[in-house]
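Student: give me a 3D structure for the following:
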Amino acid sequence: DVQLQASGGGLVQAGGSLRLSCAASGFTFDDFAIGWFRRVPGKEREGVSYVSVSDGSTYYADFVKGRFTISKDNAKNTVYLQMNSLKPEDTAVYYCAAASSLATMYDADFWGQGTQVTVSS
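Tutor: Take a look at the predicted model:
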């Protein structure tokens, strides 16, 4: 079975940091791009950051550039999202997804469950 297991969320004060993990299984990790999205109730899903597992190319949404860093560990089939300088507006449920390329991430083949990130002011 395909699984994308997101973890690492929690409650943090503004200015703090969290690291999210997305552990993948059940598909060929190297053939996919892995992305992080977030959703706030009542708002559209937002793409946050993506990474191509095969060549390491990345995408960052403007609202996280300079604060978040995406990385991968091919040996562990895991993608990380290091989130620094967190702001209250970063509060959301964060999901990871797997797609054939960065360009098709919004139509990802696989989606994981979310992990809640709450940033207090």
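
Student: only C-alpha atoms from now on, for both contacts and neighbour counts.
Tutor: Will do.

Student: show me the contacts for Ser21.
Tutor: 5-8, 78-81 (C-alpha atoms under 8 Å, 6 or more residues apart in numbering).

Student: next one: the closest residue to it other than its chain neighbours, what pLDDT does it get?
Tutor: Excluding its sequence neighbours, the residue lying closest to Ser21 (C-alpha to C-alpha, 6 or more residues apart in numbering) is Tyr80, at 4.5 Å. Looking at Tyr80, its pLDDT reads 98.

Student: now, which of the contacts of Ser21 sits nearest Tyr60?
Tutor: Leu81 (10.9 Å; C-alpha to C-alpha).

Student: quickly list what the closest one is bridged to.
Tutor: Note on Leu81: beta-bridge partners by DSSP bridges are Leu20, Ile70.

Student: what about it, how many neighbours?
Tutor: For Leu81, the neighbour count with other C-alpha atoms under 10 Å is 22.

Student: and Gln82, by the same measure?
Tutor: Gln82, neighbours per other C-alpha under 10 Å, totals 16.

Student: wait, isn't it in contact with Thr69?
Tutor: Yes - if you go by C-alpha atoms under 8 Å, Gln82 and Thr69 touch, sitting 5.1 Å apart.

Student: how about the residue nearest to Ser21, what does it touch?
Tutor: 19-22, 70-72.

Student: and if we set it to 10 Å?
Tutor: Counting by C-alpha atoms under 10 Å, 6 or more residues apart in numbering, Tyr80 makes contact with 6-8, 19-23, 34-36, 51, 69-73, 96.

Student: gap between stretch 100-120 and the chain center?
Tutor: 6 Å (C-alpha atoms, centre = their mean, to the nearest Å).

Student: list the buried ones in that stretch?
Tutor: 100-102, 105-106, 108, 110-112, 114-120 (16 or more other C-alpha atoms under 10 Å).

Student: isn't Lys87 up against Ser120?
Tutor: Yes - Lys87 lies in contact with Ser120 (C-alpha atoms under 10 Å); the separation is 7.8 Å.

Student: find residues that contact each of those two.
Tutor: Between them, Lys87 and Ser120 share the contacting residues 12-16, judged by C-alpha under 10 Å, 6+ apart.

Student: no further queries at this time; thank you.
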